[in-house]
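Colleague: predicted model and sequence below, questions to follow.
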Amino acid sequence: MIASSARRVLIVDDEANVCSALRRSLSREGYQIEACTNPDEALAKMKTRSFDLVISDHLMPEMTGLEFLKRVRDRYPDAVRIILTGHADMQTAIDAINQGEIYRFLTKPWDDLELKVCITLAFEKLDLERENRALLSRLRALSDRLVREKPALGSLRRDETGAILLDA
């Protein structure tokens, strides 16, 4: 598990006071926090730095949080995405989950404890995904090495689960 001080969080909200309040609340947890008041600034920042978690307001003048987080998903799929909005409706929540693959949809005013728990769970999910990708990569490398060393293994027949089929 990665130390909280190594966790990078990006907050995007057109209201500077919301950014400040979130920064105060989350900085006590030891995260490295940056904030932007518009999505274009946030996307520019993401080109030069990586972030583990992005928290975005939904209703912003330049683009909606959903549009912004869809771009984040396409460009930086490893970043966990959370919408925090004061204008929640069912269709927006459905679209956020289906189109932006949002991890959580939270409403303003937020409960600090709920937000912190949500972020802790998001980081646990991120750690598991990263570990799974690393293990899968190692497994593929070992499999490739084994087939190179024992070419006959590459021609084995397998069933749909990957189990080796033996001739009777």
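Modeller: Noted; the coordinates are in hand. Numbers count the residues shown, from 1 in each chain.
Colleague: may I have the lowest-mean-pLDDT helix or strand in the chain as CSV, with CA atoms only?
Modeller: Here the helix or strand of the chain ranked lowest by mean pLDDT, DSSP states H and E is helix 90-99, holding a mean of 74. This file holds the C-alpha atoms of helix 90-99, laid out as CSV (Å, rounded to 0.1, in the frame of the first residue of the first chain):
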residue,chain,number,x,y,z
MET,A,90,-30.7,10.6,-11.2
GLN,A,91,-29.9,10.9,-14.9
THR,A,92,-26.6,12.8,-14.2
ALA,A,93,-25.6,10.1,-11.8
ILE,A,94,-26.4,7.3,-14.3
ASP,A,95,-24.5,9.2,-17.1
ALA,A,96,-21.5,9.7,-14.8
ILE,A,97,-21.3,6.1,-13.9
ASN,A,98,-21.9,4.8,-17.5
GLN,A,99,-20.1,7.4,-19.5
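Colleague: give me the buried positions along that helix.
Modeller: Buried positions in helix 90-99, judged by neighbour count with 16 or more other Cβ atoms under 10 Å: Thr92, Ala93, Asp95, Ala96. Quick note: C-beta positions are derived from backbone N, CA and C, even for glycine.
Colleague: redo those residues as TSV? Include distance to Cys36.
Modeller: As requested, these are exported to TSV (distance: Cβ to Cβ, whole Å):
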residue	distance to Cys36
Thr92	21
Ala93	23
Asp95	22
Ala96	19
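Colleague: farthest-apart pair in those, please.
Modeller: The span of those, defined through Cβ to Cβ, is set by Ala93 and Asp95 at 7.4 Å.
Colleague: got the residue ranges for the strands in this structure?
Modeller: For the chain, the strands defined by DSSP state E cover 8-12, 32-36, 53-56, 80-85, 104-107.
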